[in-house]
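> Please find the sequence and the predicted model below.
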Amino acid sequence: MAALSSPFQLKNYNRTHRCIVRSTITCSMQTSQNNIKVVINGATKEIGKAAIVAITKARGMEVAGAVDSDLVGEDVGKLCNMEEALEIPIINDLTMVLGSISQSKATGVVVDFTEPSTVYDNVKQATAFGMKSVVYVPKISLDTVTALSAFCEKATMGCLVAPTLSIGSILLQQAAITASFHYNNVEIVESRPNASDLPSPDAIQIANNLSDLGQMYNREDISTDVLVSRDEFIQSYGITEYVNNTFNSSIALTIIIDFVYQGKGSTSRRGWNSCS
């Protein structure tokens, strides 16, 4: 916070007062708070590397640890092609990283990019060391989310399970919910070169969000002679491929980390599964 002071001198010339203003700026900075310590679990994945770069650039945050089973010992700064090494090696032991942070009496957030089968244990370990969790693991089961919710409520520790980190996808989910109140039915169309992993987690999440908002739609009521093929529909209306932007995802992640760290992870909203 900067304080502006403007001293002036008063001079008398023929009974006329003139002010000569000499402005000076003095700055008094508030004591900076400790940065949010962030541990990236799944650091060698593309989203993990993007998160490391984003957190390093974000104000009030710092990468405190990197966990992965690949490239153990590699400096995360070099891994992310940053100008300088961060002097943070990749370690294949989450407990060791959390224990090291706890010795400095610091708290923070663990961002989990691992696998659905390991999420629950990872959150338990983070909670044991006083760390909150942000989980971005596609195709995580509802049973796991339910178990996490029960555990976090008992532990009174925040955890946020995000089905997506794409700002565009989040806006699309909210737009779909808003539009659903004005239409009788909905069809989710995806167009991507690689169709082996369809439907995508984003499409599944949108379908789940909309499933309880309306009544069942009976396709048998439509005459088959008026149906238009999906290909014709796509060509006619110009539906284009939707691409998740890693840059937007990393920006959203830094917002989420701050959101959870400040103790707001108990907020529930459609399109997000959160535990507290």
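Received it, and whenever you're ready, just let me know what you need.
> The stretch 51-200 of the chain: helices as residue ranges?
Taking DSSP state H, counting those that start in this stretch to define them, one finds helices in the stretch 51-200 of the chain at 76-79, 94-103, 119-128, 142-155, 167-180.
> Rebuild those as a markdown table, extending it with mean neighbour count and distance to Glu62.
Every C-beta, even on glycine, is put in place using the N, C-alpha and C of the backbone. Supplementary listing: these in a markdown table, determined by neighbours: other Cβ atoms under 10 Å; distance: least, Cβ to Cβ, whole Å:
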| stretch | mean neighbour count | distance to Glu62 |
| --- | --- | --- |
| helix 76-79 | 20 | 12 |
| helix 94-103 | 17 | 11 |
| helix 119-128 | 19 | 17 |
| helix 142-155 | 15 | 25 |
| helix 167-180 | 16 | 23 |
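> Could you dump those helices into JSON lines and include distance to Lys49?
Output for these, formatted as JSON lines (distance: least, Cβ to Cβ, whole Å):
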{"stretch": "helix 76-79", "distance to Lys49": "6"}
{"stretch": "helix 94-103", "distance to Lys49": "17"}
{"stretch": "helix 119-128", "distance to Lys49": "19"}
{"stretch": "helix 142-155", "distance to Lys49": "25"}
{"stretch": "helix 167-180", "distance to Lys49": "19"}
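> Need the ones you listed in a markdown table (columns: mean pLDDT).
Output for those, formatted as a markdown table (pLDDT from 0 to 100):
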| stretch | mean pLDDT |
| --- | --- |
| helix 76-79 | 88 |
| helix 94-103 | 87 |
| helix 119-128 | 91 |
| helix 142-155 | 87 |
| helix 167-180 | 80 |
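> Ok, which of those comes nearest Ile52?
Between Ile52 and the helices of the stretch 51-200 of the chain, the shortest gap by Cβ to Cβ is with helix 76-79, which sits at 5.4 Å.
> Ile36: which of the helices of the stretch 51-200 of the chain is closest?
If you check each of these against Ile36 by Cβ to Cβ, helix 94-103 wins as the nearest, at 11.5 Å.
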